[in-house]
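Enquirer: here is my input, please return the structure:
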Amino acid sequence: MVGALTGVGGMAFLFSEMIKYQAEDQVRSTLDGQVNAIASVTTAAETLASGLGVSATTLHERQAQYADTYRELTLQLFERRPEFVTGLGLGQRENGILPNQSWLFPYYSVTPIAEGSNSDQSVLYEDFADDVGEFYPDSDRYRDYFVSQTAVWTEPYQQETGRLLTYYLPLFANDGRWLGTALVDVDGNYLSELLNKPVFRQLGSFTLLTRSGIVIADPANPDNNLKTYEDIPDLRDLWQQVDPDGTGFLEGENGYWAYAVVPGQEWLVFGFVPYAAVFNRVALITLGAAALVVALLSIATFLAVRSLNRRLRPVLNQCNQLAQTDAMLLAQWDQQDDLNQLSLAFFNMLEQLNLNEETIRRHEQKIKNETRHSDQVSEQFIGFTERLSQQAGEQQVLLRDAQELMAKVVNDSQSVDIQLDALNTLGRALAGELRRVPAHSGETLAVLEQQVETLTHCLEAGITAESHEQLHRLAGQLAKNVIALKAQDRRWPSLDSLQQQTNNIAQAGQSAATSSHHIVGATQPIVELLEKIEQISTALVLRAGAISE
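Expert: Residues are numbered from 1 along each chain as shown. Alright, predicted model coming up:
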């Protein structure tokens with residue numbers, strides 16, 4: 001709501017500044033119109049005085065020697081006067097216009113109208129040179145305005161006919177000699193009526209002052225009791241800021257003051273505009289907009305609070321339960337409204353959170369220590385898993401080598417089995433053959449020797465020398481063969497020993513075949529066990545890697 005009102009105030013400020021500039025332009029325009037109106041009055045008065053002066057000077061140059069001629073001239077011009085002119089006169093210096101007459105001062109004016117009278121004003125003639133009453137060469141007016149021989153407007157003064165201003169115009173002959181002075185009286189009330197117009201939006205007033213600050217006309221003060229600018233409080237504070245030779249726009253305590261110089265005069269027209277004339281409409285619009293915004297925001301706030309209450313009710317119920325568990329909070333609970341209860345519950349929870357913060361920090365530190373320890377354990381476990389993986393790889397290599405070795409053992413056992421079967425078969429065949437060999441080869445050799453000896457003896461007894469020699473040679477060779485057979489018999493074991501060794505070889509082959517079958521049967525579960533070990537090792541390595549990650 002504060003933001004919305006600030007926005008409305010900002011817009012109102014911008015609008016007020018715009019209206020201020022618009023008001024300044026309009027006030028200046030209105031002020032220029034009033035300045036022109038005052039200038040038209042002064043110009044008409046000066047023109048009338050100039051016409052009287054030119055006519056009197058012309059008559060003097062034509063040597064008009066009768067005073068009535070000048071009186072008639074003055075009367076005719078006075079009868080054609082503007083309505084704001086109340087008096088017209090022509091006063092000569094001593095022997096000025098009429099050389100044969102010392103003084104001449106015809107003066108025509110209007111008679112004042114009595115209150116309640118319906119009659120028109122009548123023309124009143126006065127001769128200020130008739131020695132009746134005040135003789136004008138001895139008056140202050142003559143000394144102040146005639147002798148100076150300058151065209152001048154007097155300050156306002158009070159007469160029976162009202163508040164007047166007089167314009168004095170000196171008359172000069174063709175040779176430059178001063179002849180006298182023409183004067184025109186202007187009604188000050190007319191100037192007041194001329195300025196009695198609103199300045200801006202039917203408010204404000206105009207005031208006519210001299211450059212010295214003397215009030216000439218002030219429609220806002222019909223009693224004409226104002227003397228100078230010091231009698232106008234707001235203008236008194238701004239007078240030092242006024243430029244007597246220019247125009248301006250000033251901000252006073254109660255409103256704006258615009259001023260301008262009347263052309264050709266020592267007068268200033270001031271236009272006063274109260275702040276109410278400028279800002280009342282903005283204030284009304286601002287107040288209306290603010291009231292509308294307040295109403296809309298109040299409705300929105302009411303609906304928002306109502307919705308918020310519906311949403312806060314469960315929270316407040318929980319806070320109420322929390323207050324019932326806290327004695328200190330319960331002591332303050334019933335003395336607060338909903339938002340304060342929510343605030344109490346919130347700050348109580350915040351205090352509890354602050355109290356638990358140190359415990360949380362300790363737990364965090366402990367967790368950090370545990371984390372550091374777990375990191376160390378993880379590093380050790382990672383090293384263990386790496387070593388396990390390395391050993392598992394080596395074990396797999398060894399398992400593969402063992403499997404290859406077992407396969408080779410199986411193949412070798414099968415080959416040994418085949419060779420043993422062949423050896424067994426050969427042993428059995430050799431044993432059969434050896435069974436067919438005579439068991440006592442030594443005895444056979446002994447018989448053979450005996451037979452050879454007998455053969456020798458027989459040959460020696462009944463054979464010729466030639467045959468004897470051949471037989472003897474044959475017997476010698478047979479004896480050598482027998483000796484060689486004996487030597488061979490001594491070098492080779494006996495047939496019984498050979499047969500026994502053959503039987504032992506056959507039994508050993510049978511036993512080796514049986515052992516080979518046992519080895520083959522035993523290697524099969526070992527191979528299966530090695531495969532299971534390899535599977536377990538692989539699963540263990542995978543799980544160790546997963547745990548490490």
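Enquirer: mind listing the helices for the stretch 201-350 of the chain?
Expert: All helices of the stretch 201-350 of the chain, identified by DSSP state H, counting those that start in this stretch, fall at 233-238, 275-324, 327-333, 338-436.
Enquirer: what's the least confident stretch among the ones you listed?
Expert: For the helices of the stretch 201-350 of the chain, the bottom mean pLDDT is recorded on helix 327-333, which sits at a mean of 58.
Enquirer: need the residues that contact stretch 532-549.
Expert: Residues from elsewhere that reach stretch 532-549 (CB atoms under 8 Å, 6 or more residues apart in numbering): 378, 381-382, 384-385, 388-389, 392, 395-396, 399. Just so you know, the C-beta spots here come from the backbone N, C-alpha and C atoms, and that holds for glycine as well.
Enquirer: so for it, what gets flagged as buried?
Expert: By 16 or more other CB atoms under 10 Å, the buried positions in stretch 532-549 come out as 534, 537, 541, 544.
Enquirer: which of these sits closest to Lys366?
Expert: Closest approach between those and Lys366, by CB to CB: Ala544, at 27.9 Å.
Enquirer: what does the pLDDT read for that closest one?
Expert: At Ala544, pLDDT is 71.
Enquirer: look up how far Glu453 lies from Ala479.
Expert: 9 Å (CB to CB, to the nearest Å).
Enquirer: right, I mislabeled it, should have said Gly33
Expert: For Gly33, the distance to Glu453 (CB to CB) stands at 196 Å.
Enquirer: over to Ala182. Which of the three states is it?
Expert: Three-state call for Ala182 (DSSP: H, G, I helix; E, B strand; the rest coil): strand.
Enquirer: what about it, how many residues close to it?
Expert: 27 (other CB atoms under 10 Å).
Enquirer: correct me, but it touches Leu90?
Expert: Yes - counting by CB atoms under 8 Å, Leu90 is a contact partner of Ala182 at 5.2 Å.
Enquirer: can you dump the C-alpha coordinates of the helix or strand hosting Leu171 into CSV?
Expert: Using DSSP states H and E, Leu171 sits in strand 162-172. Presented in CSV, the C-alpha positions along strand 162-172 are these (Å, rounded to 0.1, in the frame of the first residue of the first chain):
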residue,chain,number,x,y,z
GLY,A,162,-11.5,59.4,-5.6
ARG,A,163,-8.0,58.0,-5.9
LEU,A,164,-6.2,59.8,-8.7
LEU,A,165,-3.0,59.7,-10.8
THR,A,166,-1.9,62.7,-12.7
TYR,A,167,0.3,63.0,-15.8
TYR,A,168,2.2,66.2,-16.4
LEU,A,169,3.5,67.1,-19.8
PRO,A,170,5.7,70.3,-20.3
LEU,A,171,4.9,72.6,-23.3
PHE,A,172,7.7,74.1,-25.3
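Enquirer: who does that strand pair up with?
Expert: strand 152-153 (antiparallel), strand 157-159 (antiparallel), strand 178-187 (antiparallel) (DSSP bridges).
Enquirer: worst average pLDDT in the ones you listed?
Expert: Looking at the strands paired with strand 162-172, the weakest mean confidence is strand 157-159, a mean of 83.
Enquirer: now, of the contacts of stretch 532-549, which are buried?
Expert: For the contacts of stretch 532-549, buried by 16+ other CB under 10 Å: 385, 388-389, 392, 395, 399.
Enquirer: want to throw these into a markdown table with distance to Phe270?
Expert: Below are those laid out as a markdown table (distance: CB to CB, whole Å):
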| residue | distance to Phe270 |
| --- | --- |
| Thr385 | 104 |
| Leu388 | 109 |
| Ser389 | 107 |
| Ala392 | 112 |
| Gln395 | 118 |
| Leu399 | 121 |
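Enquirer: nearest to Ser307, of the residues you listed?
Expert: Thr385 (60.3 Å).
Enquirer: please name the nearest non-neighbouring residue to the closest one.
Expert: With sequence-adjacent residues excluded and distances taken as CB to CB, 6 or more residues apart in numbering, Thr385 is closest to Ala544, at 3.8 Å.
Enquirer: quick check: which element contains the one you found?
Expert: Using DSSP H and E, Ala544 sits within helix 495-548.
Enquirer: tally up the residues packed near the residue nearest to Ser55 when sequence neighbours are not counted, please.
Expert: Take Ser55 and drop its neighbours on the chain: the residue closest to it by CB to CB, 6+ apart is Leu73, 5.4 Å away. The number of residues packed near Leu73 is 19, by other CB under 10 Å.
Enquirer: ok, now Val186?
Expert: Val186 - counted by other CB under 10 Å - has 25 other residues nearby.
Enquirer: where in the stretch 101-250 of the chain is pLDDT low?
Expert: Scanning the stretch 101-250 of the chain for pLDDT under 70 picks out the ranges 112-120, 132-134, 222-226.
Enquirer: now with 90, please.
Expert: Residue ranges of the stretch 101-250 of the chain with pLDDT under 90: 101-104, 109-144, 148, 154-164, 175-176, 187-250.
Enquirer: all strands of it, in order?
Expert: Ranges of strands in the stretch 101-250 of the chain, per DSSP state E, counting those that start in this stretch, are 106-110, 123-127, 152-153, 157-159, 162-172, 178-187, 205-210, 215-217, 248-251.
Enquirer: partner strands of the second one, with direction?
Expert: When pairing is defined by DSSP bridges, strand 123-127 lines up against strand 106-110 (antiparallel).
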